[in-house]
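J.: this one's sequence-less:
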């Protein structure tokens, strides 16, 4: 039986590798990773801890074509980058200097049987030439190079991990190519799950002042599924004033803040104030009286300013400034306009900004926010665990990330959903295995 050899570029945690190997293993075909490339130190630690490597290299820019071992398939979750508009091909194609070019040159030099490439959903409309276009110049460039210059039959699609049995919506683009056949990436069977299917239980909970304030104002069941942000509204959102984060306030003041929160976004105020509309304007005492009446309104507002829930400020108008790079437009306080009361949102980073619902899906894990996701457990709240994070992407229970929690979630925030990779790779694997021989002890593989 011929062993399928592959290289794994921009490997991250190795998720594409795992999905690829699983797909061929299902058909009884052995695989071997003959080269892995990754430069992020924490990812390198994880890769070395979980895999055996025939050849491990760092910066792909420094790897010469002749140093790349022969292989059958190239795997790569490469970063999305714009391409130069100065190229001659199609009038705008020039991949030089980009990470995709490294994939291009290696494929051109080694002529493998095929490849699986992965990228963020945003690459579909990245660098749009015209608003009406369905795909941008970046993806057009990639497809043109793979098909017309390298000679592969290419298919691609956007897939959501939610449809492949993971309790997280995470959309990614997969591009698959074969030299002598076309891979069908349609008609995948869907399966669904919820967070409790991957949840750990009976773990220690948080005892911080922030969590104590939350639980002092809300029952744990009232917190499930709620977001905690001052920039958002709606009944599924909790604000800092709802838990007295900056100081306790009256019920009357909470009603006032919630009404002001909504009213300040109305476009009519911009015309009345005489500025270009912005999402959240300071409103004067007179303007606030049009939707909230109270004899002591000014006292209520000034107390909220003193506590830090409101700020008393001039509205911000558009300012144009001529620079060497052209006209720069930005907002600045217009002191000719009267001051008003505005919600303090700023860039508040609450300790928790989302409480998961075990009977629903988790939000898309993003490296910058994952540490602020809370899980209800033992009558309290705790942070998402690394194991839960791994399960949300379909990693095996044996997989260990030997880094700090912050570094682990940084890596998870950029990894792939393994069941999606496996489903895509299974379509490719099926093209390479002669099904009439699957029951034989020696499984012939497509000649490579």
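T.: Arrived safely. Bear in mind that the values here come from a model prediction, so they are computed numbers and not experimental data.
J.: from here on, contacts and neighbour counts on C-alpha atoms
T.: Fine.
J.: Residue 295: neighbour count?
T.: If you count neighbours by other Cα atoms under 10 Å, residue 295 ends up with 7.
J.: Please report how far it lies from residue 338.
T.: Distance of residue 295 to residue 338, given as Cα to Cα, to the nearest Å: 22 Å.
J.: Check residue 38 too.
T.: From residue 38 to residue 338 the distance is 56 Å (Cα to Cα).
J.: again, but for residue 384
T.: On the measure of Cα to Cα, residue 384 and residue 338 end up 46 Å apart.
J.: again with residue 430
T.: For residue 430, the distance to residue 338 equals 70 Å [Cα to Cα].
J.: which of these two has more neighbours?
T.: Each of residue 430 and residue 338 has its neighbours counted (other Cα under 10 Å); residue 430 has more, 16 against 13.
J.: quick one: average pLDDT of the helix or strand where the more buried one lies?
T.: Using DSSP states H and E, residue 430 falls within helix 418-432. In this model, helix 418-432 has a mean pLDDT of 95.
J.: Touching it from outside, list them.
T.: With contacts defined as Cα atoms under 8 Å, 6 or more residues apart in numbering, helix 418-432 is touched by 15-16, 18-24, 27, 116, 159-161, 164-166, 174, 176, 181, 183-185, 188, 393-395, 445-446.
J.: Doesn't residue 359 belong to a strand?
T.: No: counting by DSSP: H, G, I helix; E, B strand; the rest coil, one finds residue 359 to be coil, located in no strand.
J.: Show the contacting residues for the nearest residue to it once chain neighbours are set aside.
T.: Leaving aside its sequence neighbours, residue 359 sits nearest to residue 194 (Cα to Cα, 6 or more residues apart in numbering; 5.6 Å). Residues in contact with residue 194 (Cα under 8 Å, 6+ apart) are 166-167, 358-362.
J.: Could you rerun that using 7 Å?
T.: Residues near residue 194 by Cα atoms under 7 Å, 6 or more residues apart in numbering: 167, 358-361.
J.: Which one (most neighbours) among the residues you listed?
T.: Of the contacts of residue 194, with other Cα under 10 Å as the count, residue 167 tops at 27 neighbours.
J.: wait, doesn't that residue sit right on residue 392?
T.: Yes: with contact defined as Cα atoms under 7 Å, residue 167 reaches residue 392; the gap is 6.4 Å.
J.: How much space separates the closest residue in space to residue 281 that isn't next to it in sequence from residue 299?
T.: Sequence neighbours aside, residue 264 is the residue nearest to residue 281 in space, at 5.2 Å (criterion: Cα to Cα, 6+ apart). According to Cα to Cα, residue 264 stands 19 Å off from residue 299.
J.: and the residue of the chain positioned farthest from its centre, what pLDDT?
T.: Seen from the C-alpha centroid of the chain, the residue lying at the greatest distance (Cα atoms, centre = their mean) is residue 295, 48.3 Å away. Looking at residue 295, its pLDDT reads 94.
J.: Residue 79 now?
T.: If you check residue 79, the pLDDT there is 76.
J.: now residue 386
T.: pLDDT, read off for residue 386, is 94.
J.: And for it, the neighbour number?
T.: By the criterion of other Cα under 10 Å, residue 386 has 17 neighbours.
J.: who's in contact with it?
T.: By Cα under 7 Å, 6+ apart, the residues touching residue 386 are 405, 408.
J.: sorry, back to before: which of residue 264 and residue 299 has more residues huddled nearby?
T.: Comparing residue 264 with residue 299 by other Cα under 10 Å, the one with more neighbours is residue 264, at 22 against 11.
J.: Residue 304 falls within a strand, correct?
T.: No: read with three-state DSSP, residue 304 is helix and lies in no strand.
J.: For the closest residue to it other than its chain neighbours, the count of nearby residues, please.
T.: Spatially, and ignoring its direct neighbours in sequence, residue 304 is nearest to residue 310 (5.5 Å; Cα to Cα, 6+ apart). Look at residue 310: counted by other Cα under 10 Å, it has 20 neighbours.
J.: In this structure residue 310 contacts residue 343, no?
T.: Yes: assessed by Cα under 7 Å, residue 310 is found in contact with residue 343 at 4.7 Å.
J.: so residue 374 touches residue 357, yeah?
T.: No: between residue 374 and residue 357 there is no contact under Cα under 7 Å: 9.6 Å.
J.: what about the two, which has more around it?
T.: More crowded of residue 374 and residue 357, by other Cα under 10 Å: residue 374, with 25 against 19.
J.: ok, for the residue most central in space within the chain, nearest residue in space, not its chain neighbours?
T.: The centroid of the chain falls nearest to residue 366 when counting by Cα atoms, centre = their mean (4.7 Å). Excluding the flanking residues, the one nearest residue 366 by Cα to Cα, 6+ apart is residue 413, at 4.6 Å.
J.: residues touching that neighbour, list them.
T.: By Cα under 7 Å, 6+ apart, the contact set of residue 413 is 365-367.
J.: Lowest-confidence one in these?
T.: Confidence-wise, residue 367 trails the rest of those, at 73.
J.: which residues of the stretch 51-200 of the chain fall in helices?
T.: Under the criterion DSSP state H, counting those that start in this stretch, the stretch 51-200 of the chain carries helices at the ranges 99-110, 137-144.
J.: do the stretch 301-448 of the chain as well
T.: Going by DSSP H, counting those that start in this stretch, the stretch 301-448 of the chain shows helices at 386-392, 405-412, 418-432.
J.: Pipe those helices into JSON lines and attach distance to residue 289 per row.
T.: Converted to JSON lines, the helices of the stretch 301-448 of the chain look like this (distance: least, Cα to Cα, whole Å):
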{"stretch": "helix 386-392", "distance to residue 289": "48"}
{"stretch": "helix 405-412", "distance to residue 289": "47"}
{"stretch": "helix 418-432", "distance to residue 289": "54"}
